[in-house]
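Participant: predicted model follows, preceded by the sequence.
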Amino acid sequence: MIRAHSLSGVPRLRIELRSLSLGDRAVLHPLTLSPAPGEWMAVVGPNGAGKSPLLRAMAGLLPFDGTLTLDERAWSSWPSRERAQHLAWLGQQETTAEDLTALDVVMLGRLPHQAWLAPASDADRAAVEQAMQQTQSWDWRHRPLSRLSGGERQRVLLARALAVQSGLLLMDEPLAHLDPPHQSDWVRLVRDRVAQGGAVVSVLHELNIALQSDRLVVMADGRIVHQGAPHDPATHAALQEVFQHRLMILQVQGRWVALNA
Ligand SMILES: Nc1ncnc2c1ncn2[C@@H]1O[C@H](COP(=O)(O)OP(=O)(O)OP(=O)(O)O)[C@@H](O)[C@H]1O
């Protein structure tokens, strides 16, 4: 596998949230979260727990009552271009211009690095090729997004996020549509990112993948009910609790796995 661009000066992201409302409903309640450089954090919990709103708030995409800081400086006071260089986002069911080719879509990830209306540089082209090779999407780079399968499309959108070469990578259900080998590739990509000093936060429904992260953030009813390592019995207890004791958490060949009970 091609190694990721080496990351330096990864800023510390921190959210201190008092509440977040959608419409007239408070869907998140007081919480604090701060992914560390060199850490992969997996946010898990049942449907409707508030995982997506939390991630969107951390990416500066949803307003909330509280503070969001990068290196202890208010998110809103950072120039938008610098924010976009530091933080890459992969959302759920993202729509983008479907008639763009896969290559053009991934090149959008380089916008934060390009001067206004400037053509792509050699560094931009290299970053795009690297990201597309990493996600095995390079071979169909000239195909429009509308003519790709769900998993192929997801890999292009993942490549776009990787091409930013940001220190912070936030991904909401990144494994949607990915088959098991590509899920394993995704784990390797994330591991590579954090080995370079990056911070990765992912919302995951795949508990077996989440159990390979550095820290599980377990949510229920708009709150973080536990944060801990995958091997920690307290983490297993929290997972059992939020999933109504309908899991079996076992160790198989040195790895923790969750099975439906
Ligand atoms: N537009 C909206 N207006 C009001 N409430 C909403 C809206 N969107 C979501 N909610 C509510 O916000 C809460 C959090 O929902 P959300 O789907 O974002 O959580 P989640 O943990 O990401 O769930 P899932 O695993 O189903 O993706 C739920 O109670 C949901 O009903």
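Facilitator: That came through, no problem.

Participant: and the strands in the protein, which stretches?
Facilitator: 13-22, 25-28, 31-33, 40-44, 65-70, 73-74, 87-90, 168-172, 199-203, 215-220, 223-228, 247-252, 255-260 (DSSP state E).

Participant: now the ones you listed in a markdown table, with mean pLDDT and mean neighbour count?
Facilitator: For glycine as for every other residue, the C-beta is placed from the backbone atoms N, C-alpha and C. Shown next, in a markdown table, are these (pLDDT from 0 to 100; neighbours: other CB atoms under 10 Å):
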| stretch | mean pLDDT | mean neighbour count |
| --- | --- | --- |
| strand 13-22 | 98 | 18 |
| strand 25-28 | 96 | 17 |
| strand 31-33 | 98 | 18 |
| strand 40-44 | 98 | 24 |
| strand 65-70 | 98 | 16 |
| strand 73-74 | 96 | 10 |
| strand 87-90 | 95 | 23 |
| strand 168-172 | 97 | 25 |
| strand 199-203 | 98 | 25 |
| strand 215-220 | 98 | 23 |
| strand 223-228 | 98 | 18 |
| strand 247-252 | 95 | 13 |
| strand 255-260 | 94 | 14 |
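
Participant: which of those sits closest to S137?
Facilitator: strand 87-90 (13.6 Å; CB to CB).

Participant: so what touches that closest one?
Facilitator: Residues from elsewhere that reach strand 87-90 (CB atoms under 8 Å, 6 or more residues apart in numbering): 13, 59-61, 70, 109, 157-158, 160-162, 164, 166-172, 174.

Participant: turn the strands of the chain into a markdown table, columns for distance to the ligand.
Facilitator: As requested, the strands of the chain are exported to a markdown table (distance: least, CB to the nearest ligand atom, whole Å):
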| stretch | distance to the ligand |
| --- | --- |
| strand 13-22 | 4 |
| strand 25-28 | 4 |
| strand 31-33 | 13 |
| strand 40-44 | 8 |
| strand 65-70 | 16 |
| strand 73-74 | 25 |
| strand 87-90 | 14 |
| strand 168-172 | 8 |
| strand 199-203 | 6 |
| strand 215-220 | 7 |
| strand 223-228 | 11 |
| strand 247-252 | 16 |
| strand 255-260 | 16 |
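
Participant: in the sheet, which residues pair with the most centrally placed residue in the chain? Tell me.
Facilitator: The centroid of the chain falls nearest to M171 when counting by CA atoms, centre = their mean (2.0 Å). Taking DSSP bridges as the rule, M171 bridges to L90, S202.

Participant: check the gap between it and D65 for me.
Facilitator: According to CB to CB, to the nearest Å, M171 and D65 sit 25 Å apart.

Participant: got it, and A237?
Facilitator: Distance of A237 to D65, computed by CB to CB: 31 Å.

Participant: so what pLDDT did the closest residue to L178 other than its chain neighbours get?
Facilitator: Distances taken as CB to CB, 6 or more residues apart in numbering place G151 nearest to L178, at 5.3 Å, with adjacent residues excluded. What the model reports for G151 is a pLDDT of 92.

Participant: residues near G151, how many?
Facilitator: Using other CB atoms under 10 Å, G151 has 14 other residues around it.

Participant: could you pull out the buried residues of the longest helix along the chain?
Facilitator: Ordering each helix of the chain by length in residues (DSSP state H) puts helix 180-195 first. Across helix 180-195, burial judged by 16 or more other CB atoms under 10 Å covers H182, D185, W186, V187, L189, V190, R191, D192, R193, V194.

Participant: need those in CSV with pLDDT and distance to E39, can you?
Facilitator: What follows is the buried residues of helix 180-195, written out as CSV (pLDDT from 0 to 100; distance: CB to CB, whole Å):
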residue, pLDDT, distance to E39
H182, 94, 23
D185, 94, 20
W186, 96, 17
V187, 97, 15
L189, 95, 15
V190, 97, 11
R191, 97, 11
D192, 94, 14
R193, 94, 10
V194, 96, 6
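
Participant: closest to the ligand out of the residues you listed?
Facilitator: Proximity of those to the ligand was ranked by CB to the nearest ligand atom; the top entry is W186 with 18.3 Å.

Participant: appreciated, that's everything.
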